[in-house]
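1. Fold the following, please.
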Amino acid sequence: VVAAIVDLSQRLGMVSVAEGIENEDTLRQLATLGCDEVQGFLMAVPAPSEEIDRLIGTAAWGNRHLAAVTP
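-> Residues are numbered from 1 along each chain as shown. Here you go, the predicted structure:
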């Protein structure tokens with residue numbers, strides 16, 4: 001089902017986003033399928049808006065985010 005959704009989103013020129021990613025195995029599987037974006041506890045736990053503002057402004061956040069879906 002996930003492969004079909006990722007494939008459909010690519011064919012429609014849309015971005016696929018997987019939510020609830022909690023482990024590296026799931027992340028690798030999504031990367032193999034070509035999923036564009038991911039979010040979940042593996043990337044970051046819920047945080048106050050002030051913490052998110054601080055994280056977004058750091059290079060470490062960008063590098064982690066971009067590396068998250070690289071197989």
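2. host element of V45?
-> Here V45, judged by DSSP states H and E, is contained in no helix and no strand.
3. Need the per-residue pLDDT for it.
-> Predicted confidence (pLDDT) for V45: 83.
4. again with W61
-> pLDDT recorded at W61 is 54.
5. do the same with G57
-> pLDDT at G57 comes out at 71.
6. got it, and V1?
-> 96.
7. what's the burial count for it?
-> Residues within reach of V1, counting by other CB atoms under 10 Å, total 5. In short, each C-beta sits where N, CA and C put it, glycine included.
8. any idea whether A3 is helix, strand or coil?
-> At A3 the chain is in helix, as set by DSSP: H, G, I helix; E, B strand; the rest coil.
9. Could you find the closest non-adjacent residue to it?
-> L33 (5.2 Å; CB to CB, 6 or more residues apart in numbering).
10. what about stretch 33-51, start to end distance?
-> Using CA to CA, to the nearest Å, the end-to-end distance of stretch 33-51 comes out at 31 Å.
11. who's in contact with that stretch?
-> For stretch 33-51, contacts defined as CB atoms under 8 Å, 6 or more residues apart in numbering pick out 2-3, 6-7, 9-10, 15-24, 26-27, 30, 55, 64-65, 68-69.
12. Do you have the helices of the protein handy? List them.
-> 2-11, 24-33, 49-56, 59-67 (DSSP state H).
13. Comparing these by mean pLDDT, which bottoms out?
-> helix 59-67 (a mean of 52).
14. for G20, phi and psi?
-> phi 80, psi 30 (degrees, to the nearest 10).
15. So it versus R11, what's the distance?
-> Relative to R11, G20 is positioned 24 Å away (CB to CB, to the nearest Å).
16. Let me know the distance separating C35 from E22.
-> 15 Å.
17. Comparing these two, which shows the higher neighbour count?
-> Neighbours were counted for C35 and for E22 using other CB under 10 Å; C35 has more, 23 against 11.
18. Name all residues that make contact with N23.
-> Counted by CB under 8 Å, 6+ apart, N23 has contacts L42.
19. so what pLDDT did it get?
-> For N23, pLDDT reads 94.
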